[in-house]
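Participant: Below are the sequence and a predicted model for it; my questions follow.
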Amino acid sequence: MRYVRFIFSLWLVLSVSACVGSYNQQHPTKDVGADVDPTDADGYGEPDADGDADGYGEPDADGDSTDSGGDAGGDADGGPTDSGGDAGGDADGYGEPDADGDATDSGGYGDAGSDADGGPTDSGGSPLDELWPEQSPDDMAVSLKANLRWKRGAILKNDLSQALGFAPDQSCKELELFDCFMAHNIPLGGSDPFGSGLYEPARSPQVTTPIAVERIIMQTCVRRALVDAVGPAVVFTELDLASPALDPTDLETLLAVDKQTRILYRRFLARNPTIAEKDLIRTLLLSDNGELVSATDFAVMSCFAIGSTTEFIFF
């Protein structure tokens, strides 16, 4: 029995040795000690025909000492390393001429019309002060599901603060002391388990919810107008808030009003106003008695009119 085991073990060792020898013949290992071509540093011992130290032995057509395929035309961009030949010399590696001359065409597409925005780098060629096309009701998609939900306190606070450029804890203050959203927590859909014993928020808006929402929006708009009047304007950038009256018959005034209306619609609703909506905001240039209003009053009322729409309060 021992003899049989010995014979089997010997046969197994010889078989493994034969397999290893056959594998080494088909897959030679690196020759660490005898590298015929010491310049190629690859350990295989074949001569490096081009002398570029990559060990592949192909002629380096561009002579850039770092061959990545041997581009026959040489380096068009004049750089020491070849990345396809940049014919335009704008460092983007695409090889097209830089038509606008801005040296960095952000992708190397070479817009032939130069930079329409006047900047050193191309960003699509659209002036920032150009009026966008008017929004049409036909362009607006109709919701397939009429599933409107009112913005509760936290969501309304974040959206209103972002729209008017305030920090969330600085957007609205009751008596300049208390956070408006905490003061009207329950009407805004919050809960108050410790103060009122209300452990679950209301499922739907309450009777006082519209009053609280409009009060908060109005106060935040007033705060924004006052801050913009004394410092660098953030929202009301198109109006001279120091003006005592806005003339609705003056073309420059109407243009400034339309631009300001567009800014508010983008901030609150993320879209452009329709022609009818702009005309409606223009009516705020006159009071109920037909008198002219100041720029600050118009700024506050236009802000409130857009911010208190159902499109902003619901989602």
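Facilitator: Nice, I can see it.

Participant: Every contact and neighbour count from this point should use C-alpha atoms.
Facilitator: Will do.

Participant: For the stretch 101-250 of the chain, give me the ranges with low pLDDT.
Facilitator: Counting by pLDDT under 70, the stretch 101-250 of the chain has low-confidence residues at 101-140.

Participant: Regarding residue 208, what are the backbone dihedral angles?
Facilitator: phi -90, psi 0 (degrees, to the nearest 10).

Participant: Can you get me a residue count around residue 194?
Facilitator: 8 (other CA atoms under 10 Å).

Participant: ditto for residue 271
Facilitator: 14.

Participant: Not counting residues beside it along the chain, what's closest to it?
Facilitator: With sequence-adjacent residues excluded and distances taken as CA to CA, 6 or more residues apart in numbering, residue 271 is closest to residue 265, at 6.0 Å.

Participant: pretty sure the one you found is touching residue 272, no?
Facilitator: Yes. Checked against CA atoms under 8 Å, the pair residue 265 and residue 272 is within contact range at 5.9 Å.

Participant: Compare those two and say which is more crowded by neighbours.
Facilitator: A side-by-side neighbour count of residue 265 and residue 272, using other CA under 10 Å, places residue 265 first with 23 against 20.

Participant: Look up the pLDDT of that one for me, please.
Facilitator: We have a pLDDT of 97 for residue 265.

Participant: which residues does it contact?
Facilitator: 271-273, 306 (CA atoms under 8 Å, 6 or more residues apart in numbering).

Participant: Identify those among those residues that sit within helices.
Facilitator: Applying DSSP state H to these, the entries found in helices are residue 306.

Participant: nearest to residue 212, of the contacts of residue 265?
Facilitator: residue 306 (16.5 Å; CA to CA).

Participant: Please name the nearest non-neighbouring residue to residue 304.
Facilitator: Leaving out its chain neighbours, the residue that sits closest to residue 304 by CA to CA, 6+ apart is residue 218, at 5.6 Å.

Participant: residues in contact with stretch 208-226?
Facilitator: 160, 164, 171-172, 180-181, 184, 187-188, 235-236, 241, 296, 299-300, 303-304, 307-308.

Participant: Looking at these, which are in helices?
Facilitator: 160, 180-181, 296, 299-300, 303-304, 307.

Participant: And those, which two are furthest apart?
Facilitator: 181 and 296 (24.8 Å).

Participant: For the residue nearest to residue 271, give its distance to residue 176.
Facilitator: 28 Å (CA to CA, to the nearest Å).

Participant: before we move on, what about residue 188?
Facilitator: 20 Å.

Participant: So those two - more neighbours on which side?
Facilitator: residue 188 (27 against 9).

Participant: Residue 295 - nearest residue in space that isn't next to it in sequence?
Facilitator: Per CA to CA, 6+ apart, closest to residue 295 is residue 241, 4.9 Å.

Participant: can you check residue 267 too?
Facilitator: Looking at residue 267 with CA to CA, 6+ apart, the closest residue is residue 163, at 4.8 Å.

Participant: Near that neighbour, how many residues? Count them for me, please.
Facilitator: 19.

Participant: Please apply the same query to residue 243.
Facilitator: Here the number of neighbours of residue 243 (other CA under 10 Å) works out to 11.

Participant: tell me the contacts of it?
Facilitator: Listed by CA under 8 Å, 6+ apart, the contact set of residue 243 reads 294-296.

Participant: on that earlier part again, how many residues are close by the residue nearest to residue 295?
Facilitator: Around residue 241 there are 22 other residues, counting by other CA under 10 Å.

Participant: wouldn't residue 240 be in contact with residue 295 here?
Facilitator: Yes. Shown here, residue 240 and residue 295 form a contact pair, counting by CA under 8 Å, at 6.5 Å.

Participant: Which one of the two is surrounded by more residues?
Facilitator: In this view residue 240 and residue 295 are compared by other CA under 10 Å, and residue 295 has more residues nearby, 23 against 19.

Participant: Is that one in contact with residue 238, as I believe?
Facilitator: No. With contact defined as CA under 8 Å, residue 295 does not count as touching residue 238 (10.3 Å).

Participant: No further queries at this time; thank you.
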